[in-house]
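Q: Any chance you could fold what I've pasted below:
(chains A and B)
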Amino acid sequence: MAAEGVPDREPEGTFVLELPDDPAFVATARLFAGALARHFGCQEDTVQDVKLAVSEACTAAVADRGTAPVRLEAAAEGAVLRFDVCCLEGPPGRPAAGDARTAHLERPIGPTGVQLIGALFADAATVHDPDGTAHITFSVPLPEPR
Amino acid sequence: MGRIDLSIASRTEGGWSVIDVGGEIDVFTAPKLREHLVGLIEGGSRRLVVDLLDVSFMDSTGLGVLIGALRRLRETGGELVLVCGEGAVMRVLTITGLDQLFPVRSSVAEAISA
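A: This next block holds a predicted model:
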């Protein structure tokens, strides 16, 4: 059942938040993600799950970003709100993900955080771009428009 | 916006060290909790009750701190009991299965009388 204030039309839009590579701002990412989930009509339990998943993903992101900003993108696409947290940008010429030389770079996306996100959202995944950039992604089912 | 803090206060009750925690526990605030718990344990406290009733959010970094404290205490025959309600903290404990690892009570009185 949808929460009060469920939009009366198909949700759409992309929302981006870039934050300093600073653990103090992980809470800001949670607030942003929670507010979006509420805006799109998610129930409070789902809002709390979104905040937890984003906190885990952003914690992974700040763990090894150097001075690069942490980028959180949320895209409302029909029936889902899709989240993407850019966790690690590969250096120029970085070998493809899975290479033993880059194994240490996987550490920030620690198993506990990702497993927790996976327990919350079934499609949670860690995705690697060809340049080595890693993303944690998951999507949240949205209530039917009224 | 978004900067959070964590309140931590300790007292002794019925032979237990009771730690009242309030706020949000994440990668930013967890070190403060870790420092407090380690300080108590290194100071000789062996029976800890961590009251999380006023904690509105906790992620795996908070779990890591609690697991670390539990491990330290068990190495020396100590105990750690968590107090929390049905909110966000309990949900994280349940999802991760850690509600089976930690003794969880619904009040400090229940924790120290168990």
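Q: Every contact and neighbour count from this point should use C-alpha atoms.
A: OK.
Q: tell me which element the residue in chain A positioned nearest to chain B falls in.
A: Going by Cα to the nearest Cα, chain B is nearest to A:Thr28 of chain A, at 4.1 Å. Using DSSP states H and E, A:Thr28 sits in helix A:26-39.
Q: Show me what secondary structure element comes after that helix.
A: helix A:44-63.
Q: Run the angle between that following helix and helix A:26-39 for me.
A: With axes from the mean of the first three to the mean of the last three Cα atoms, to 10 degrees applied, the angle from helix A:44-63 to helix A:26-39 works out at 150 degrees.
Q: Report all helices and strands that the helix holding A:Thr28 contacts.
A: Identification of packing neighbours for helix A:26-39 by 3 or more Cα pairs under 8 Å, 6 or more residues apart in numbering or on different chains; DSSP states H and E yields strand A:12-19, helix A:44-63.
Q: got the CA coordinates for it in PDB?
A: Extracted in PDB, the C-alpha atoms of helix A:26-39 (Å, rounded to 0.1, in the frame of the first residue of the first chain):
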ATOM      1  CA  VAL A  26      27.100  10.400   4.700                       C
ATOM      2  CA  ALA A  27      24.200  11.500   6.800                       C
ATOM      3  CA  THR A  28      23.400  14.200   4.200                       C
ATOM      4  CA  ALA A  29      23.300  11.400   1.500                       C
ATOM      5  CA  ARG A  30      20.800   9.500   3.800                       C
ATOM      6  CA  LEU A  31      18.600  12.500   4.200                       C
ATOM      7  CA  PHE A  32      18.600  13.100   0.400                       C
ATOM      8  CA  ALA A  33      17.800   9.500  -0.400                       C
ATOM      9  CA  GLY A  34      15.100   9.300   2.300                       C
ATOM     10  CA  ALA A  35      13.500  12.500   1.100                       C
ATOM     11  CA  LEU A  36      13.300  11.200  -2.500                       C
ATOM     12  CA  ALA A  37      11.800   7.900  -1.400                       C
ATOM     13  CA  ARG A  38       9.200   9.800   0.600                       C
ATOM     14  CA  HIS A  39       8.500  12.200  -2.300                       C
END
